[in-house]
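S.K.: From the sequence below, what's the structure:
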Amino acid sequence: MFVYNSDVSGAACEPGVTRKILCYSDKLMMCEISFEKGAKGNFHSHEHLQITYIAEGSFEFTIGDETKIVYKGDSVYMPSNVRHGVTCLEAGKLVDVFNPMRGDFLK
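M.R.: Coordinates of the predicted model:
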C-alpha cells in the first residue's frame, strides 16, 4: 500500500535514463523515469494506455505524427498501440502511469 521512493532502486533502461517502479497492481502501474539532458526514450508502442506527468525538466514528445515540447507540470497521453518517443531537453523526471500494469518491466 505504501512505497517509499528512497527504498526503490532505479534500473537503467536506455543511456541516460533510469526507471523506478513505484506502486502497481494488475490493472495499474506508476513509474518514475529520470533523464539526463539529451537522453532519449526511443520510439516504441505498446498495448497499455499511458499518461505521463512531467515532474521536472522539459521534454520533446512525439506521439503518433504530433511533436510538442512539454514542461514541468504538463502531462501527455499515449493511446494503446500508438508509436511514441521522447527526447530530454533539460534534465528531469517523468511519472508514467500505465493501464494495465507493465509486466515486462518486472522481468
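
S.K.: wait, what's in contact with the spatially closest residue to residue 81 that is not a sequence neighbour?
M.R.: Leaving aside its sequence neighbours, residue 81 sits nearest to residue 45 (C-beta to C-beta, 6 or more residues apart in numbering; 5.2 Å). (Glycine included, C-beta is placed from N, CA and C.) By C-beta atoms under 8 Å, 6 or more residues apart in numbering, the contact list for residue 45 reads 81-84.

S.K.: farthest-separated two in those residues?
M.R.: The most widely separated members of the contacts of residue 45, counting by C-beta to C-beta, are 81 and 84 (10.2 Å).

S.K.: More neighbours: the two, which one.
M.R.: The residue with more neighbours, out of residue 81 and residue 84, is residue 84; 21 against 9, by other C-beta atoms under 10 Å.

S.K.: Local confidence estimate at that one?
M.R.: Here the pLDDT value assigned to residue 84 is 98.

S.K.: Quick check: it touching residue 78?
M.R.: Yes - shown here, residue 84 and residue 78 form a contact pair, counting by C-beta atoms under 8 Å, at 4.9 Å.

S.K.: Report the set of residues contacting both of those two.
M.R.: Residues within reach of residue 84 and of residue 78 at once, by C-beta under 8 Å, 6+ apart, are 50, 63.

S.K.: who touches whichever helix or strand residue 93 is part of?
M.R.: Using DSSP states H and E, residue 93 sits within strand 84-99. With contact meaning C-beta under 8 Å, 6+ apart, strand 84-99 is reached by 16, 27-45, 48-64, 69, 72, 78.
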